[in-house]
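here is a sequence with its predicted model. Questions after.
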Amino acid sequence: MKTIRDIARIAGVSVATVSKVINNYPDISDKTRQRVIEVMKQEAYEPNVIAKSLSGKQSYSIGLCFRYNPAPGLHHAFFQNILYGLEQTIGAHGYDFVLLSENSIHKRQDFLQKCRTRQVDGAVFLGIDKNDERLASLLTSDLPAVFIDGDHQGNRSRCVVWNNHSGARQVVEYLYNLGHRRIAMIKGLPGVKPTVERTEGFLQALGRYNLSCPRQWLIESGDYLERCGYEGMIQLLKLKDRPTAVFCQSDTLAIGALRAIEDSGLRCPEDFSIVGYDDIDIASYIQPKLTTIKQDTVLMGKAAAKVMLSLIQDASSPTTPVVLPVELVCRDSCRSID
């Protein structure tokens, strides 16, 4: 069996050059690339994925690129359920996943180059800022790309989103009907679609009830993590003019807020009503059980997978976003007030 060194010797190039051709690096001349490919074909040096890619066939692999904080990482229930839904659908069609590390994508290699290097047929993205300059070449390419809860516009990309505006409106309506008129919000990761739209929906809903949210009640936490919720709630607790209810843009933020309330000698919902977002599994087990907006993350994974398969099979597949519904789940973390 021929080795990469054999291919390099026969083609009259270095081993590094052969490796670059295999991984589709751009800094190889067309003439050299073609010579190496011809030698690999002649010598039957075609590992399965490479062989399919070189012959123009599918590799049956899908790239996954998630932006997440390294502390919880993929152990977070939010990611796990999306991955489960993706795998259930993609796997049933004979595809495998390739995890593309967002942290390893540096200035020399953008998202498209990363995908080409890994020989994927398409890629699914979650939590990537639409203004990230590394997306530019991907969005103008012919590589199928699906963005979960994003609003990216591209040549062959499509978004699968939840109705974030509706979720925020449901929260405000629920709290208003309980008698709350002083409602604060702890925001999540800045710049991403869920944070922007949940903030917009929240403020619009307040406006419908002729309510306002003072600047000091609109907390910029920096992420969706428990630690950020804790720190955000501490900011609210330090105010002389406090809200009676707090809308947290994720359940993990809400859990952090609950801990801050408890550590301060106060209680939920007696002193503060708290609403989360996502309905992760632990939301129904903590005390008090968390009122939240349910997003079906498994359904999201399945929907994203179906869109990806459609894009791979049909280049003219519609690019309009797929919008999934959300619903309020009422538990024990909120109370009515006079």
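Yep, it's here.

separation between the residue nearest the centre of the chain and D278?
Closest to where the C-alpha atoms of the chain average out (CA atoms, centre = their mean) is L126, at 2.3 Å. Distance from L126 to D278, counting by CB to CB, to the nearest Å: 13 Å. Backbone N, C-alpha and C define where each C-beta goes, glycine included.

one more: M300?
11 Å.

which ones are touching G167?
Applying CB atoms under 8 Å, 6 or more residues apart in numbering, one finds that G167 lies in contact with 198, 201, 277, 293, 295, 326, 328.

and these, which is closest to N177?
For the contacts of G167, the minimum distance to N177 (CB to CB) is 11.1 Å, reached by L328.

distance from the helix or strand encompassing the closest one to the middle of the chain?
Secondary-structure assignment from DSSP states H and E places L328 in strand 327-329. Centre-to-centre, strand 327-329 and its host chain are 21 Å apart (CA atoms, centre = their mean, to the nearest Å).

please, where are all the strands along the stretch 201-338 of the chain?
In the stretch 201-338 of the chain, the strands defined using DSSP state E, counting those that start in this stretch lie at 218-219, 245-248, 273-275, 292-294, 322-324, 327-329.

can I get these in JSON lines with mean pLDDT?
Below are the strands of the stretch 201-338 of the chain laid out as JSON lines (pLDDT from 0 to 100):
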{"stretch": "strand 218-219", "mean pLDDT": "97"}
{"stretch": "strand 245-248", "mean pLDDT": "98"}
{"stretch": "strand 273-275", "mean pLDDT": "98"}
{"stretch": "strand 292-294", "mean pLDDT": "97"}
{"stretch": "strand 322-324", "mean pLDDT": "93"}
{"stretch": "strand 327-329", "mean pLDDT": "98"}
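
tell me which of the ones you listed lies nearest to D110.
Using CB to CB, the strands of the stretch 201-338 of the chain put strand 322-324 closest to D110, at 25.9 Å.

what are the contacting residues of that closest one?
158-163, 295-296, 299-300, 303, 307.

just those residues now: which is nearest P194?
For the contacts of strand 322-324, the residue nearest P194 by CB to CB is W162; the value is 7.5 Å.

can you get me a residue count around R331?
For R331, the count of nearby residues is 16 (other CB atoms under 10 Å).

N155 and S137 touch, don't they?
No - N155 is beyond contact range of S137, at 10.5 Å (criterion: CB atoms under 8 Å).

any idea which of the strands of the stretch 201-338 of the chain is most buried?
Comparing these by mean neighbour count (mean count of other CB atoms under 10 Å), strand 245-248 comes out on top with a mean of 30.

and it, which strands flank it?
strand 183-186 (parallel), strand 273-275 (parallel) (DSSP bridges).

rebuild those strands as CSV, extending it with distance to L311.
Listed next are those as CSV, based on distance: least, CB to CB, whole Å:
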stretch, distance to L311
strand 183-186, 35
strand 273-275, 36
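
select, out of these, the one closest to L239.
strand 183-186 (9.1 Å).

what's that closest one in contact with?
Outside strand 183-186, the residues that touch it by CB under 8 Å, 6+ apart are 172, 175-176, 199, 202, 206, 211, 213, 217-219, 221, 228-229, 232-233, 236, 243-249, 253, 257.
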